[in-house]
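Chemist: Can you look at this prediction? I've put the sequence above it.
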Protein chains: 2
Amino acid sequence: MKTIKIITADDHPLFLKGLRDTLAEEPDFEVIDLANNGQQALEKIEKWQPDVATLDLDMPILNGIEVAKSILKNYPNIKIILLSMHKDTDIIRAAMALGIHGYVFKDDAVNDLVGAVRTVFGGENYISVDTNKKSFFLNNDNELIGELTKMEKLILREIANQKTTKQIADEHFISTKTVENHRANICKKLNLHGNNSLLKFAIKVSDSLV
Amino acid sequence: MKTIKIITADDHPLFLKGLRDTLAEEPDFEVIDLANNGQQALEKIEKWQPDVATLDLDMPILNGIEVAKSILKNYPNIKIILLSMHKDTDIIRAAMALGIHGYVFKDDAVNDLVGAVRTVFGGENYISVDTNKKSFFLNNDNELIGELTKMEKLILREIANQKTTKQIADEHFISTKTVENHRANICKKLNLHGNNSLLKFAIKVSDSLV
DNA sequence: AAAAAAATAGTGGCTAACCCTCATTTTTAA
DNA sequence: TTAAAAATGAGGGTTAGCCACTATTTTTTT
């Protein structure tokens, strides 16, 4: 039986140990290397070419999304599972839109991770949520953030960085009205409505905006 | 040789597993029970009367500080080690002032926890020293949050959950004006000014709100 | 070169959040 | 059992973001 080669990255040593031990309990899994941050994860994944990489979302230097982007682009055969504290639909949607294969909540990791590794290794996607929610995500074809233009992404990042419309306008030498138009267009594309909805969204997905 | 009896509490199963495994590797340590939240921790500590209890700071129902207070008051012989993500000097100072015996950063837990258990069991206090780690974890948001009243914390949580003033008012059967007053008082206590500053803050620290 | 998309800028209206002040009742603590 | 703290409620004002339009210039694509 072929073993599934895995590389695991997390910046909390104890969590990393827990992940490694959980995975190592499976006889057909082989944790070939570990990483403490995104940069190291990228290097080790490129060096070892594992079957599956499990990446923490919040890591120093490079976060999980940034590592995933690079891997997905250069090594499309390597399956990526993202681990996160956040059970946030918007972040999950953004991650899956990037082409990440699995999304596991850290709270559920001890139960779900082994299944997630087998699932993505088999070529399917895995999201650890209640089944009713799962179907919603898998059927959702909206690429959302991916549909934004360069300027719209820039402004979304600025909003996530707590900038006001006026600040953004001043710093980029454009009219506040232009910024407002971009805001409106972003809201339309992302189906956001109501008071401060864009600000809320921007802050929530700020990890995913690179 | 007498074994050191330990109870460990953490709301993240994988972290809890990591802690248990780390402690269980020591031949003279005995992890007699585990807990997933503060309430359970309190019950199990009272039931088993361990030598040492390691408590996560951020746990649902009761946080580590609250559990520690109760234990220290009723069972002064049980040693308490607090585990936290936050390298916040004010929190550490507050914890040690309460009479807590050890304070270990989760980042360093895999290296420091065994030593911490031996040290506090021997009757001394233990604080895991900041090695070369990232200083951006040092923020005083949590200290400020501690000064909020129950109602203010509740409303801050609701704001972090994307609720509007009207929604909060309706769901708790109080006037929107009351909610607005609480918002204003929270802003004062936290030194927040300007448009949507409270919303931004609430979303930012939503992980720390227990 | 023409068409499409993106970036630019504006008018005007609306609402939620912020900000200040004040007052009453309830709960907690000294 | 008082005094302090917390929770409740309100008036009145400012502002930033949302919303629905229209319109010109620049860039990209076909």
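Modeler: Now that the structure is in, tell me what you want to look at.
Chemist: Quick check: mean pLDDT of stretch A:63-77?
Modeler: Taken as a whole, stretch A:63-77 has a mean pLDDT of 82.
Chemist: Poorly predicted segments of chain A, please.
Modeler: Scanning chain A for pLDDT under 70 picks out A:1, A:60-61, A:85-94, A:96-98, A:107-111, A:128-146, A:205-210.
Chemist: and the longest helix seen in it, anywhere near DNA strand D?
Modeler: Taking DSSP state H as the criterion, chain A has its longest helix at helix A:176-190. Yes. Using CB under 7 Å from any atom of the strand, helix A:176-190 reaches DNA strand D at A:180-181, A:183-184, A:187. (Each C-beta comes from the backbone N, C-alpha and C, glycine too.)
Chemist: Show me which residues of chain A sit near DNA strand C.
Modeler: A:149-152, A:172, A:174-178, A:180-182, A:195-196.
Chemist: Quick check on these: which are buried?
Modeler: A:152, A:182, A:196 (16 or more other CB atoms under 10 Å in any protein chain shown).
Chemist: and these as CSV, adding distance to A:Ile159?
Modeler: As requested, these are exported to CSV (distance: CB to CB, whole Å):
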residue, distance to A:Ile159
A:Glu152, 10
A:His182, 10
A:Asn196, 10
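Chemist: so, if you compare the residues you listed, which one comes nearest to A:Pro13?
Modeler: A:Asn196 (38.1 Å; CB to CB).
Chemist: For chain B, what's its nearest residue on chain A.
Modeler: Going by CB to the nearest CB, chain B is nearest to A:Gly18 of chain A, at 3.4 Å.
Chemist: Need the nearest residue in space to that residue, chain neighbours excluded.
Modeler: B:Gly18 (3.4 Å; CB to CB, 6 or more residues apart in numbering or on different chains).
Chemist: Check which helix or strand that neighbour maps to.
Modeler: helix B:13-24 (DSSP states H and E).
Chemist: May I have that helix as CSV, with CA atoms only?
Modeler: In CSV, the C-alpha atoms belonging to helix B:13-24 read as follows (Å, rounded to 0.1, in the frame of the first residue of the first chain):
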residue,chain,number,x,y,z
PRO,B,13,-9.2,19.3,21.5
LEU,B,14,-6.0,19.1,19.5
PHE,B,15,-4.1,21.4,21.8
LEU,B,16,-5.5,19.4,24.7
LYS,B,17,-4.2,16.3,23.2
GLY,B,18,-0.8,17.9,22.6
LEU,B,19,-0.7,18.9,26.3
ARG,B,20,-1.7,15.5,27.5
ASP,B,21,0.9,13.7,25.4
THR,B,22,3.6,16.1,26.4
LEU,B,23,2.9,15.7,30.1
ALA,B,24,2.3,11.9,29.8
